[in-house]
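based on what follows, work out the 3D shape:
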Amino acid sequence: MSVLFPKVNKPREWDYRPIYYDEEKEARKEKLARLHHGSFREEHEKHKLEQQQKQKSRLIFFVALLLVAALLYYFLS
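A predicted model of the protein is given here:
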């Protein structure tokens, strides 16, 4: 049977799915890849530094607000 009808494999079919760029998905993949490479400590230190800067900024704002309130009270009374 194989002499008369040799088996010929069919060519692979074209399987095209368009890939659309999703910036948020790429950012998630990048962050996940960084976390999987053992950079938990770096992420923690980065987050800690951001929190310290935010706290320092908030403190400066309230000191300036208190100073303005004290000056207004001094000049208006």
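
okay, strands next: where are they in this protein?
Taking DSSP state E, the chain contains no strands at all.

output the lowest mean pLDDT helix or strand found in it.
helix 23-36 (a mean of 84; mean pLDDT, DSSP states H and E).

please enumerate residues in contact with that one?
The contact list for helix 23-36, computed with C-beta atoms under 8 Å, 6 or more residues apart in numbering, reads Glu43. C-betas here are computed from N, CA, C, even on glycine.

how far does it sit from the chain's center?
7 Å (C-alpha atoms, centre = their mean, to the nearest Å).

now do stretch 17-33
For stretch 17-33, the distance to the chain centre is 11 Å (C-alpha atoms, centre = their mean).

ok, stretch 60-74 next?
The mean C-alpha position of stretch 60-74 is separated from the chain mean by 37 Å, C-alpha atoms, centre = their mean.

how about it: buried residues?
Within stretch 60-74, no residue is scored as buried using 16 or more other C-beta atoms under 10 Å.

pull that stretch out as PDB, backbone CA atoms only.
Taking C-alpha atoms only, stretch 60-74 is exported to PDB below (Å, rounded to 0.1, in the frame of the first residue of the first chain):
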ATOM      1  CA  ILE A  60       7.400  70.500  55.600                       C
ATOM      2  CA  PHE A  61       3.900  71.400  54.400                       C
ATOM      3  CA  PHE A  62       2.400  71.400  58.000                       C
ATOM      4  CA  VAL A  63       5.400  73.500  59.400                       C
ATOM      5  CA  ALA A  64       4.900  76.000  56.600                       C
ATOM      6  CA  LEU A  65       1.200  76.100  57.200                       C
ATOM      7  CA  LEU A  66       1.800  76.600  61.000                       C
ATOM      8  CA  LEU A  67       4.200  79.400  60.200                       C
ATOM      9  CA  VAL A  68       1.700  81.200  57.900                       C
ATOM     10  CA  ALA A  69      -1.000  80.800  60.500                       C
ATOM     11  CA  ALA A  70       1.300  82.300  63.200                       C
ATOM     12  CA  LEU A  71       2.200  85.200  61.000                       C
ATOM     13  CA  LEU A  72      -1.500  85.900  60.100                       C
ATOM     14  CA  TYR A  73      -2.400  85.800  63.800                       C
ATOM     15  CA  TYR A  74       0.500  88.200  64.700                       C
END
